[in-house]
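K.L.:
have a look; sequence and predicted model below, questions after that.
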Amino acid sequence: METPPWVVRIRRANGEIAGAGILLSPDQVLTCAHVVERGARVTAEFVGAPGHTVPSVVAWVDGDAYVPETRDADGDPSGDVAMLRLEHSRPTGETTRLHRLSAPNRAVRMYGFPYDHNGGIWFRATVVGGCGRDGQVQLSPTSRGELASPGCSGSGVVDSRTGEVIGMVLSGLKDRHGNLFSFMTPAETIVRHLPQIAQWTSGRTAVDDRLRSTGDDASEALLDEPFAQRLADWLRDDGQQVKISLVRSGDAARAATLRRAITLADRELRTSASVDRASLDPPGTVPSAGGHDLAVDATGLSSAEIEERIAERMGLWQHPGAPPTERIRTAQVTLTLIVVGVDEAVDPPALLDLLEMLRAQGSRLLLVFRTAGAAHRHARYQLVAEPARQRHARLVARLEETATGPLATALYERMAAVRTEDTRHADSVLVSAHAALADLTRAPGAAGEGCRGPDLARYERLAERVTAGLARTIGTLDRLRDRRDELRGRLQSYHVLHQQATQGEEDLAVDALYLRAHELLRARPCDVQAAEAAVDVYVRRVERGDAGRNQGGVPS
């Protein structure tokens with residue numbers, strides 16, 4: 001956790017800290033474009049260099065290696081990367097490299113220079129996921145004080161598991177609701193904007209060569225628009241965890257459409273030229289950059305080779321002696337994976353077992369088959385139909401438990417004891433749970449891709465709301481029941497005090513107030529608000545009467 005030697009602090013000519021940078025070569029520093037201006041000279045300071053002094057070197061934008069931030073029609077940002085040239089070189093041992101790595105849910109850290117921390121400080125965060133069309137990634141700060149602030153732009157984002165620099169901090173944001181967000185541009189997006197960065201970037205690209213678009217794919221006749229729309233929907237996360245498609249060997253249009261979708265969804269391969277072909281980009285056919293983490297052509301590959309490819313992309317190389325399957329299983333890392341030619345792998349059943357493990361851990365899978373044979377049928381059953389059936393059964397059991405089990409019983413018991421306006425909402429929540437059960441009982445889970453079953457995600461969200469709503473109402477009723485018991489004790493104590501003060505003399509008016517409060521507290525269900533008002537009336541009358549007898553007030 002020492003300050004890395006590749007960390008750079010960048011100052012403007014007036015001495016103000018403008019941001020940070022990453023030393024990629026002895027004489028070149030990567031940073032954000034908004035940290036520097038074209039033609040302006042800045043000072044690069046190497047705070048992690050050995051020794052007791054901080055070396056400083058004059059730097060400027062290196063030729064045309066400057067991509068300013070731009071905004072599209074929807075306000076999504078793009079670019080904001082630049083390369084600086086140093087006037088004097090630094091030792092090669094102080095440099096680092098960027099690394100291509102799948103990003104979802106990774107713990108990361110950054111070393112930046114916010115106000116009051118001129119010497120630098122570490123920030124921690126978790127990768128949330130891609131945002132916008134440029135392939136930028138949202139980070140969730142580990143604590144409120146770790147939001148990337150001015151002085152952090154250009155910092156290297158270090159993966160906590162591997163220690164690799166996987167991206168660069170762009171900015172931090174606190175929205176009007178108080179939510180905190182930081183953003184980074186990953187290595188692949190940086191390479192797309194500044195291709196020369198590839199020489200200082202390690203890790204294999206996310207897309208196998210055979211799955212990349214070619215010049216021949218540009219023909220409008222090779223675009224299967226409905227298929228392109230379905231692919232783009234899935235890559236934008238349409239709620240399907242597993243999608244299985246059939247692209248036969250002789251279907252040139254489908255094959256080209258698949259390559260196009262994979263290429264456009266890759267942060268590094270996606271280019272403005274591939275997006276701006278209006279004739280080939282009908283609405284809804286262009287996925288966002290970062291739609292997948294890895295695209296593998298399984299043709300002729302063994303399961304072990306594919307496992308190693310996945311483990312490498314996940315950054316699971318710390319224990320090379322362990323089989324890749326075990327590394328993947330124990331790491332619990334998820335990714336969005338495309339596998340093309342599943343049925344053309346060396347051992348399709350073994351590959352399907354690997355894919356089932358990834359599905360069970362939460363990874364999203366797009367699986368492409370060449371024929372509708374046994375492997376295709378088995379995949380539809382093992383990865384789509386059976387998980388949907390099990391998910392459907394779990395959801396039905398959960399709704400039954402909620403609607404008729406201990407939670408509902410507890411609600412009814414408390415509703416019999418006390419009442420409040422909240423119980424009307426609880427009644428409607430229970431009705432919605434029973435209605436959902438009826439829907440799910442009539443409509444079993446989907447049998448495979450293309451079979452539209454009930455929207456289980458919607459019903460799962462309903463089950464969450466029902467459970468939370470019932471728990472809240474029970475909590476409210478419990479508090480009312482406790483208040484009712486307190487009122488009972490108060491009423492009884494004042495009744496005893498009143499009898500002692502009057503020495504048994506009958507007072508019909510006061511006795512009527514007591515009986516009114518007593519009856520309200522004994523009622524089932526008890527209107528606690530009305531009972532509390534009646535008790536207060538009785539208490540005040542007793543206190544006034546006792547005061548009139550010169551016996552002092554009665555403490556409440």
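P.N.:
Okay, I see it.
K.L.:
low-confidence ranges, the stretch 101-250 of the chain, go.
P.N.:
The model of the stretch 101-250 of the chain has pLDDT under 70 over residues 172-175, 179.
K.L.:
what segments of it are helices?
P.N.:
187-193, 225-235 (DSSP state H, counting those that start in this stretch).
K.L.:
would you mind finding the most buried of those?
P.N.:
Sort the helices of the stretch 101-250 of the chain by mean neighbour count, taking mean count of other Cβ atoms under 10 Å, and helix 187-193 sits at the top with a mean of 25. To be clear about C-beta, it is placed using only N, CA and C from the backbone, and glycine gets the same treatment.
K.L.:
and that helix, what does it pack against?
P.N.:
strand 98-99, strand 165-174, strand 201-202 (3 or more Cβ pairs under 8 Å, 6 or more residues apart in numbering; DSSP states H and E).
K.L.:
give me the three-state assignment for residue 290.
P.N.:
Of the three states, residue 290 takes coil according to DSSP: H, G, I helix; E, B strand; the rest coil.
K.L.:
could you check how far it is from residue 99?
P.N.:
The gap separating residue 290 from residue 99 is 16 Å, by Cβ to Cβ, to the nearest Å.
K.L.:
between these two, which one's more packed in?
P.N.:
Each of residue 290 and residue 99 has its neighbours counted (other Cβ atoms under 10 Å); residue 290 has more, 27 against 19.
K.L.:
who are the contact partners of the more buried one?
P.N.:
130, 135, 137, 186, 265, 267 (Cβ atoms under 8 Å, 6 or more residues apart in numbering).
K.L.:
go with 10 Å
P.N.:
Residues near residue 290 by Cβ atoms under 10 Å, 6 or more residues apart in numbering: 103-104, 129-137, 186, 188-189, 206, 235, 265-267, 270, 336.
K.L.:
show me where the protein has helices.
P.N.:
187-193, 225-235, 252-264, 272-275, 303-314, 324-331, 348-361, 374-379, 386-404, 406-417, 422-442, 456-502, 508-522, 528-548 (DSSP state H).
K.L.:
between these, which one is closest to residue 244.
P.N.:
helix 374-379 (5.7 Å; Cβ to Cβ).
K.L.:
what's the burial count for the nearest residue to residue 465 once chain neighbours are set aside?
P.N.:
Using Cβ to Cβ, 6 or more residues apart in numbering and skipping the chain neighbours, the partner closest in space to residue 465 is residue 429 (7.3 Å). Under the neighbour criterion other Cβ under 10 Å, residue 429 is assigned a count of 21.
K.L.:
need the contact list for residue 429.
P.N.:
402, 403, 411, 462, 465, 466, 467, 468, 469, 470, 472, 473.
K.L.:
do residue 97 as well
P.N.:
Here residue 97 is in contact with 6, 22, 24-25, 164-165, 187, 197, 199-203 (Cβ under 10 Å, 6+ apart).
K.L.:
if we can go back for a sec, dump the helices and strands packed on helix 187-193 into JSON lines; add distance to residue 376 as well.
P.N.:
Output for the helices and strands packed on helix 187-193, formatted as JSON lines (distance: least, Cβ to Cβ, whole Å):
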{"stretch": "strand 98-99", "distance to residue 376": "36"}
{"stretch": "strand 165-174", "distance to residue 376": "36"}
{"stretch": "strand 201-202", "distance to residue 376": "36"}
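K.L.:
looking at those strands, which is nearest to residue 70?
P.N.:
strand 165-174 (13.1 Å).
K.L.:
report the buried residues of stretch 522-532.
P.N.:
525, 526, 527, 528, 531, 532 (16 or more other Cβ atoms under 10 Å).
K.L.:
ignore the last one, stretch 178-187
P.N.:
Result for stretch 178-187 [16+ other Cβ under 10 Å]: buried residues 180, 181, 182, 183, 184, 185, 186, 187.
K.L.:
quick check: the second one touching residue 149?
P.N.:
What that stands for is residue 181. No: using Cβ atoms under 10 Å as the test, residue 181 is too far from residue 149 to be in contact (12.0 Å).
K.L.:
are any of the contacts of residue 97 buried, and which?
P.N.:
6, 22, 24, 25, 164, 165, 187, 197, 200, 201, 203.
K.L.:
out of those, the closest to residue 407 would be?
P.N.:
residue 164 (46.8 Å).
K.L.:
relative to residue 322, how far out is that closest one?
P.N.:
19 Å.
K.L.:
same question for residue 486.
P.N.:
In terms of Cβ to Cβ, residue 486 sits 61 Å off from residue 322.
K.L.:
surely residue 398 touches residue 456?
P.N.:
No: look at residue 398 against residue 456 with Cβ under 10 Å: they stay out of range, at 11.3 Å.
K.L.:
for residue 108, what are its contacts?
P.N.:
123-127, 137, 139, 142, 156-161, 165-167, 169, 182, 184.
K.L.:
so who does the residue positioned nearest the centre of the chain touch?
P.N.:
Geometric centre of the chain, nearest residue: residue 128, 4.4 Å, by Cα atoms, centre = their mean. By Cβ under 10 Å, 6+ apart, the contact set of residue 128 is 103, 104, 105, 137, 138, 139, 140, 181, 182, 183.
K.L.:
7 Å instead, please
P.N.:
138, 139, 140 (Cβ atoms under 7 Å, 6 or more residues apart in numbering).
K.L.:
closest to residue 12 among these?
P.N.:
Scanning the contacts of residue 128 for proximity to residue 12, where the rule is Cβ to Cβ, the winner is residue 139, at 25.8 Å.
K.L.:
any idea what the closest one is bridged to?
P.N.:
residue 127, residue 182 (DSSP bridges).
K.L.:
and it, how many neighbours?
P.N.:
Neighbour tally, residue 139, other Cβ under 10 Å: 29.
K.L.:
any idea how far it lies from residue 129?
P.N.:
10 Å.
K.L.:
and the pLDDT at the residue nearest to residue 465?
P.N.:
Here the pLDDT value assigned to residue 429 is 83.
K.L.:
now residue 418. Nearest residue, chain neighbours left out?
P.N.:
Counting by Cβ to Cβ, 6+ apart, the residue nearest residue 418 is residue 480, at 4.3 Å.
K.L.:
show me the contacts for the closest residue to residue 198 other than its chain neighbours.
P.N.:
Spatial nearest neighbour of residue 198, chain neighbours left out: residue 191 (5.0 Å); criterion: Cβ to Cβ, 6+ apart. Neighbouring residues of residue 191 by Cβ under 7 Å, 6+ apart: 197, 198, 201, 268.
K.L.:
just for the protein, where's the confidence low?
P.N.:
Ranges of the chain meeting pLDDT under 70: 1, 73-74, 172-175, 179, 271-280, 318-319, 422, 443-453, 504, 546-556.
K.L.:
let's go with 50 and repeat that
P.N.:
275-279, 445-451, 550-556 (pLDDT under 50).
K.L.:
just to revisit the earlier point, quick one, which of the helices of the stretch 101-250 of the chain is nearest to residue 494?
P.N.:
Nearest to residue 494 among the helices of the stretch 101-250 of the chain is helix 225-235 (68.5 Å), distances taken as Cβ to Cβ.
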